[in-house]
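Visitor: after the sequence you'll find the predicted model.
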Amino acid sequence: MGKKPMPEENQSWPSGRVGYVALLGRPNAGKSTLMNTVLDFHLAAVSAKPQTTRRSCLGILSDETSQILFLDVPGVHVPQDELDEAMDRSVHRALEEADVILCIADSSRTFGKEDRMVAERAASAGKPVILAVNKVDAAGPGGVDAIQQAYLKVLGEVPAFRICAKSLQSLTMLLLELRQTLPEGPFLHDPEMVSDSYEREIASELIREALMESLREEVPHAMAVTVDEWKETDKACRITATLHVERDSQKGIVIGRGGTMLNAIRALAVRKLQEVREDTIRLKLYVRVTHDWRNRKNLLRDFGLDGRE
Ligand SMILES: Nc1nc2c(ncn2[C@@H]2O[C@H](COP(=O)(O)OP(=O)(O)OP(=O)(O)O)[C@@H](O)[C@H]2O)c(=O)[nH]1
Ligand SMILES: [Mg+2]
């Protein structure tokens with residue numbers, strides 16, 4: 001599945017159109033979906049709940065003449081706690097690093113406060129901006145035109161594309177435009193790689209995705225996942241992870257009556273891990289109350305969620 005740490009820049013890699021594309025959008029706009037689709041790899045967690053992505057993640061799309069380095073980041077929203085502040089730092093860093101900003105708008109919703117924040121941030125970054133109006137398959141009548149116009153009013157005259165992030169075919173013209181907008185230069189990563197994430201980071205995201213899908217309302221937002229042990233043998237990959245919750249009552253919900261919920265979460269997570277790995281997965285999950293972890297800077301750092309990745 002995931003990737004080993006990157007080797008240093010290699011002279012045998014080609015040159016071409018190369019650069020960073022920051023994916024900027026409100027929570028739930030479809031940023032991670034788009035990245036997974038173009039990579040044809042389940043790298044980033046995706047869910048119907050907002051604020052799924054909590055830290056930035058690099059996705060590498062290489063062909064013979066180009067290397068697009070996608071920076072998937074948390075959705076832009078008004079920070080409520082230390083975790084939100086850290087998520088916002090990830091967005092800030094990605095915008096600084098970006099050669100191009102790809103604004104992703106959700107046409108199934110009306111233009112709101114978070115959309116304005118997204119558009120204003122993109123417009124003031126001083127970088128080339130491209131607009132992708134997503135979820136055209138789910139938009140109501142006039143929804144696509146309305147959101148496109150609202151964004152362009154803030155962004156000015158920038159190229160705009162109508163897409164369905166789940167469908168690679170709908171992304172062809174957008175990818176062409178991105179390649180043309182990137183600067184010329186040597187490849188920055190091994191073209192065989194799809195990410196620089198460690199396998200255990202990807203695994204913790206997939207386990208979190210299982211939590212987002214299995215648990216209702218606010219519980220998954222109050223949870224973090226740490227992978228504590230990772231052992232590969234000829235027969236299996238043994239993973240031990242802790243699911244951190246904030247309160248005792250949440251622990252009860254996550255475990256469920258007689259452990260039924262935890263078993264269901266484990267089974268779903270194993271299926272997701274199995275899809276990206278060829279070997280058998282043996283997953284052990286522990287649930288632990290880690291009070292107020294979203295506001296404790298040292299824990300955010302330990303969990304890799306301090307926005308300094
Ligand atoms: N109908 C439809 N749904 C989509 C499309 N793209 C994404 N989605 C759905 O939108 C939801 C959010 O997708 P994500 O990719 O997690 O969104 P995100 O922008 O990364 O969200 P955050 O990480 O919370 O900022 C998921 O349920 C996706 O399946 C699309 O083109 N059409
Ligand atoms: Mg995301």
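Guide: That came in fine, so what should we check first? Ligands and ions are numbered 1, 2, ... in the order given.
Visitor: grab the nearest non-local neighbour of the residue of the stretch 51-200 of the chain found nearest ligand 1.
Guide: Nearest residue of the stretch 51-200 of the chain to ligand 1, counting by Cβ to the nearest ligand atom: residue 75, 2.8 Å away. Quick note: C-beta positions are derived from backbone N, CA and C, even for glycine. Among residues not flanking residue 75 along the chain, residue 27 sits closest, at 2.9 Å (Cβ to Cβ, 6 or more residues apart in numbering).
Visitor: send the alpha carbons of stretch 123-130 over as PDB?
Guide: In PDB, the C-alpha atoms belonging to stretch 123-130 read as follows (Å, rounded to 0.1, in the frame of the first residue of the first chain):
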ATOM      1  CA  ALA A 123      -7.500  35.100  -4.500                       C
ATOM      2  CA  SER A 124      -5.100  36.700  -2.000                       C
ATOM      3  CA  ALA A 125      -2.400  34.000  -2.200                       C
ATOM      4  CA  GLY A 126      -0.700  35.500  -5.300                       C
ATOM      5  CA  LYS A 127      -0.600  32.100  -7.100                       C
ATOM      6  CA  PRO A 128      -2.400  30.800 -10.300                       C
ATOM      7  CA  VAL A 129      -5.800  29.600  -9.400                       C
ATOM      8  CA  ILE A 130      -8.100  27.100 -11.100                       C
END
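Visitor: pull out the buried positions in that stretch.
Guide: Across stretch 123-130, burial judged by 16 or more other Cβ atoms under 10 Å covers 123, 125, 127, 128, 129, 130.
Visitor: and of those residues, the nearest to ligand 2?
Guide: Checking those against ligand 2 by Cβ to the ion gives residue 130 as the nearest, at 18.2 Å.
Visitor: what is the neighbour count of the closest residue to residue 292 other than its chain neighbours?
Guide: If you skip the residues right next to it in sequence, residue 292 has residue 246 as its closest partner in space, 6.2 Å away by Cβ to Cβ, 6+ apart. Residue 246 is flanked by 20 other residues according to other Cβ atoms under 10 Å.
Visitor: and for residue 184?
Guide: With other Cβ under 10 Å as criterion, residue 184 counts 10.
Visitor: for burial, what's the neighbour tally of the residue lying closest to it once chain neighbours are set aside?
Guide: Leaving aside its chain neighbours, residue 184 sits nearest to residue 17 (6.4 Å; criterion: Cβ to Cβ, 6+ apart). Other residues within reach of residue 17, judged by other Cβ under 10 Å, total 18.
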